[in-house]
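>>> Model the structure of this input:
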Amino acid sequence: MTAQTEIILVRHGETEWNLKNKLQGHKNSPLTLNGKKQALEVKNALDCYEIHGAYVSPLKRAVDTMEIILGDRKVQAVKSNNLKEISLGPWEGKTKEATKKSHPEEYEKFWHQQDKFLLGGAESYHQLQKRLVSELKSIFKKETSKTILVVTHWIAIKAVIAYFTSTPLRQLSTMPDLGNGEFLTLIKEGESIEVSGL
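Take a look at the predicted model:
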């Protein structure tokens with residue numbers, strides 16, 4: 001029988017900038033009370049799972065979410081820069097409305113033609129997807145036959161799901177969004193990786 005490895009992929013809890021429609025990227029804003037409650041709900045949902053290891057984006061909103069989910073489990077989360085959200089350079093900390101006004105063409109591509117998005121000082125979706133997928137494949141290789149918890153970010157997760165479901169980046173906006181404090185599972189059996197819970 002082929003060994004099965006699972007990665008439980010969690011989006012961090014709601015933040016103050018989420019509520020204000022501000023783009024975060026590599027910048028950070030604190031979890032709201034609701035965001036902490038969402039993380040606690042994930043913890044409760046995963047109580048019946050044996051978690052063998054954990055990896056997290058070093059951005060504070062993800063680290064704080066991970067700490068709540070792990071609770072008193074004897075698991076030490078490994079921080080990885082490759083699990084960070086897409087870097088948005090000059091847009092970070094700005095509202096969606098402000099970025100639409102300052103970069104109308106790039107804004108349209110960011111939300112609706114992701115394969116063509118290019119912005120000075122920011123990451124492309126191709127770059128984001130490459131580093132995330134590389135990191136997750138590395139985790140699968142290191143953690144064979146285990147259940148691993150990973151806390152990361154909204155657009156990062158969408159890029160990952162697109163890859164593992166063979167969805168072109170240009171179709172990213174047609175895919176369902178994972179809400180704050182929601183999760184899905186990547187299951188690897190043999191060479192096949194499937195997405196469960198989408």
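
>>> Just the buried positions in the helix or strand of the chain with the lowest mean pLDDT, please.
One helix or strand of the chain scores below all others by mean pLDDT, DSSP states H and E: strand 192-196, with a mean of 93. Within strand 192-196, the residues scored as buried using 16 or more other C-beta atoms under 10 Å are residue 193. From N, CA and C alone the C-beta is placed, and that goes for glycine too.

>>> Which stretches in the chain count as strands?
4-11, 53-56, 77-79, 147-152, 183-189, 192-196 (DSSP state E).

>>> Show the average pLDDT along the helix ranked longest in the chain.
The longest helix of the chain (DSSP state H) is helix 125-142. For helix 125-142, mean pLDDT rounds to 97.

>>> Tell me where the model's unsure across the chain.
Applying pLDDT under 70 to the chain picks out residues 1-2.

>>> Tell me how far stretch 106-117 lies from the chain's centre.
19 Å (C-alpha atoms, centre = their mean, to the nearest Å).

>>> Ok, stretch 78-94 next?
10 Å.

>>> Only the buried residues of that stretch, if you could.
Buried residues in stretch 78-94 (16+ other C-beta under 10 Å): 80, 82, 83, 84, 85, 86, 87, 88, 91, 92, 94.

>>> Residue 129 and residue 144, how far apart?
Shown here: residue 129 relative to residue 144, a distance of 24 Å by C-beta to C-beta, to the nearest Å.

>>> who has more neighbours, the two?
Remark: of residue 129 and residue 144, residue 129 carries more neighbours, 22 against 10, as counted by other C-beta atoms under 10 Å.

>>> quick one, phi psi at residue 58?
phi -70, psi -10 (degrees, to the nearest 10).

>>> Chain neighbours aside, what residue packs nearest to residue 195?
residue 164 (5.4 Å; C-beta to C-beta, 6 or more residues apart in numbering).

>>> again, but for residue 57
residue 83 (4.0 Å).

>>> Distance of the one you found relative to residue 65?
From residue 83 to residue 65 the distance is 12 Å (C-beta to C-beta).

>>> Give the intersection of the neighbour lists for these two.
By C-beta atoms under 8 Å, 6 or more residues apart in numbering, residue 83 and residue 65 have these common neighbours: residue 151.

>>> Alright, that wraps it up for me.
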